[in-house]
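In: my questions concern the predicted model and sequence given below.
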Amino acid sequence: MVSTNKSELILKGLLSIYPISHDFERQELLTLSNEFQWRQIHRGDLLWAEGLDKDHLYFIVNGSCAEYLQHDSQESLIRFYHEGKFAFSEDILIYGVPSETRCVALTDAVIASCPKQVLLDDTLDKVVGAKLLSILLNFSMTEYRNTTYEMLQASGKARLQAAISQSPNLLNIIPRKELADYLGLSRASLFRALKSFGHEE
Amino acid sequence: MKSNQDAMRAYFEALPVYTPAFKSTVDSVVAALGESVKKKKGQVVEELTLHNKDFWFLKSGFLKEMYKNPIEKEDSLFSLIPPLSIFVNEDTLFNDQHPQHYYTTYSDVEFIRFKYEDFERINAKHPLLQLLYLSGTAEIQKNRRARLIMLRMRRTIDRVEWVKTNRPDLYKHMDRVTLAQYIGVSRAGLYRAFEKSNKFQF
């Protein structure tokens, strides 16, 4: 059980993605907010690993995390999660299959998490849990679509511009090395792009 | 040529999640399909410019999914949809918003409508439909994830090779302009990569 202030923070996050259709849903979401467990993690700590890891829904209270996909003996950064956002392995949480990705804290962070079982068990109306999972799936699909917009830009500068337009605070929350990986640019190209926006000396 | 119902049934049966337990659910879906819509190459698919949450099955031909690119200030290719795919207005279906993407025909096409009201009606009676829906979205996400990996490749020619290897169904039908847009490079960049590597599309 978490304190009122803490649960309100999570409730605010839930309400930002969950459109309320009935009065009881708000109360249910508050119940769910109380089920989240808080913990502090350090840079480099894992939220989830590849394979059948914990089927949790995570809320980033502060700090930032990155999701990596292993492929052809290398790894690509495919998604960022930062303060006020929910993070989850869609493989595990939505599809119930081993995760192809892992998620790592890029900074020291505070994370709240809740197992899938809580979303679907009797402490919560099943309709609310199922609706939340469906929202998270739509959210995930929309995020991949938005990332595709960024990556379809032909120049490094345009990629950076597109990424910043999606996430205006990007440069303050993501270390430069990870940002270069995410945009598929060398660090030199990223710095050239940043310079053209007047961000780096 | 397969009937609309046979084509859609074959689509469901090819999903990784499909087992004979889905038969009655699939029977209900194919029984609710609408008539085919046929369009000539180069047309905008007007049916999808409107606010609708329906599911559409591309029976034959290719569609270009377009979006307004705020950086280039012109409409750009988001994706090329091959035959035997399901496509939707994501903005409307997921967020109840006006569609931000639109579709144009890359070749002559034939597609079939499956109404959202029918989806809801059948889902209430056959909850397994939700699993088919999830399986369909899993395939879409898998493809998007793989394409994002390709779009992060530094060398243009590596991106071309990726499409050739992983999406031969698209590669064989794409002209160079569409290929350049699909892999996120300029037309000139694609030509230079072909010249430099002494490799060509066909």
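Out: Structure received.
In: which strand or helix spans residue B:86?
Out: strand B:85-88 (DSSP states H and E).
In: just confirm yes or no for that strand near chain A.
Out: No. Strand B:85-88 lies out of reach of chain A by CB under 8 Å from any CB of the partner chain, never closer than 10.2 Å. (C-beta placed from N, C-alpha, C; glycine too.)
In: likewise stretch B:92-109?
Out: Yes. Using CB under 8 Å from any CB, we find that stretch B:92-109 touches chain A at B:93, B:94, B:95.
In: just the buried ones out of the residues you listed, please.
Out: Neighbour counting with 16 or more other CB atoms under 10 Å in any protein chain shown marks B:93, B:94 as buried within those.
In: which bits of chain A sit near chain B?
Out: Checking chain A against chain B by CB under 8 Å from any CB, the hits are A:69, A:71, A:76, A:78, A:90, A:94-95, A:100, A:137-138, A:140-142, A:144-145, A:147-149, A:151-154, A:158, A:161-162, A:165, A:181, A:183-186.
In: re earlier: strand partners (parallel or antiparallel) of the strand holding residue B:86?
Out: Looking at strand B:85-88 with DSSP bridges, its partner strands are strand B:55-60 (antiparallel).
In: biggest helix in chain A by residues?
Out: Using DSSP state H, we find that the single longest helix of chain A is helix A:126-151.
In: and the closest residue to chain A within chain B, what does it touch?
Out: Relative to chain A, the nearest point of chain B is residue B:152 (3.2 Å; CB to the nearest CB). Under the criterion of CB atoms under 8 Å, 6 or more residues apart in numbering or on different chains, the neighbours of residue B:152 are A:76, A:151, A:181, A:183, A:184.
In: which among those residues count as buried?
Out: Neighbour counting over those (16+ other CB under 10 Å) leaves A:76, A:151, A:181, A:183, A:184 as the buried ones.
In: now do residue A:133 against residue A:105, distance only.
Out: Distance of residue A:133 to residue A:105, given as CB to CB, to the nearest Å: 24 Å.
In: my bad, residue A:128
Out: Distance, residue A:128 to residue A:105, using CB to CB: 29 Å.
In: what do you get for residue B:88?
Out: Distance, residue B:88 to residue A:105, by CB to CB: 35 Å.
In: can you list which of the buried ones among the contacts of residue B:152 are found in strands?
Out: Judged by DSSP state E, the buried ones among the contacts of residue B:152 include residue A:76 as members of strands.
In: just flag the most distant two among the buried ones among the contacts of residue B:152.
Out: A:151 and A:181 (12.3 Å; CB to CB).
In: and residue B:47, what's its pLDDT?
Out: Predicted confidence (pLDDT) for residue B:47: 86.
In: tell me the SS of it?
Out: Look at residue B:47: counting by DSSP: H, G, I helix; E, B strand; the rest coil, its state is helix.
In: surely it meets residue B:37?
Out: Yes. Here residue B:47 lies in contact with residue B:37, judged by CB atoms under 8 Å, at a distance of 6.4 Å.
In: Throw the residues of stretch B:92-109 next to chain A into a markdown table and include secondary structure and pLDDT, thanks.
Out: As requested, the residues of stretch B:92-109 next to chain A are exported to a markdown table (DSSP: H, G, I helix; E, B strand; the rest coil; pLDDT from 0 to 100):
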| residue | secondary structure | pLDDT |
| --- | --- | --- |
| B:93 | helix | 87 |
| B:94 | helix | 85 |
| B:95 | helix | 83 |
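In: which among the residues of stretch B:92-109 next to chain A gets closest to residue A:113?
Out: Nearest to residue A:113 among the residues of stretch B:92-109 next to chain A: residue B:94, at 24.6 Å, using CB to CB.
In: how much space between residue B:154 and residue B:107?
Out: Residue B:154 is 32 Å from residue B:107, where distance means CB to CB.
In: mind listing what's buried along the longest helix of chain A?
Out: Judged by neighbour count (16+ other CB under 10 Å), helix A:126-151 contains these buried residues: A:128-129, A:131-141, A:143-145, A:147-151.
In: can you map out the strands along chain A?
Out: Applying DSSP E to chain A gives strands spanning A:37-41, A:46-48, A:56-62, A:64-71, A:74-82, A:86-87, A:101-105, A:109-115.
In: ok, the residue nearest to residue B:40 when sequence neighbours are not counted - contacts?
Out: Closest residue to residue B:40 apart from its sequence neighbours, by CB to CB, 6 or more residues apart in numbering or on different chains: residue B:108 at 5.6 Å. Residue B:108 makes contact with B:38, B:39, B:40, B:41, B:60, B:61, according to CB under 8 Å, 6+ apart.
In: neighbour count for residue B:154 and residue B:107, which is higher?
Out: Neighbours per residue (other CB atoms under 10 Å in any protein chain shown) separate residue B:154 from residue B:107, with residue B:107 holding more: 15 against 10.
In: next up, the contacts around residue B:77.
Out: Taking CB under 8 Å, 6+ apart, one finds A:152, B:64, B:65, B:66, B:178, B:181, B:182 in contact with residue B:77.
In: distance of the residue in chain A that chain B sits nearest to relative to residue B:134?
Out: Across chain A, the shortest distance to chain B (CB to the nearest CB) belongs to residue A:184, at 3.2 Å. Using CB to CB, residue A:184 is found at 29 Å from residue B:134.
In: can you check residue A:8 too?
Out: 32 Å.
In: which one of those two is surrounded by more residues?
Out: Shown here are residue A:8 and residue B:134; by other CB under 10 Å, residue B:134 has more neighbours (18 against 13).
In: now do the nearest residue to the more buried one once chain neighbours are set aside, the pLDDT please.
Out: Nearest non-adjacent residue to residue B:134, counting by CB to CB, 6+ apart: residue A:95, 6.6 Å away. Note on residue A:95: pLDDT of 87.
In: pLDDT weak spots in chain B?
Out: Scanning chain B for pLDDT under 70 picks out B:1, B:200-202.
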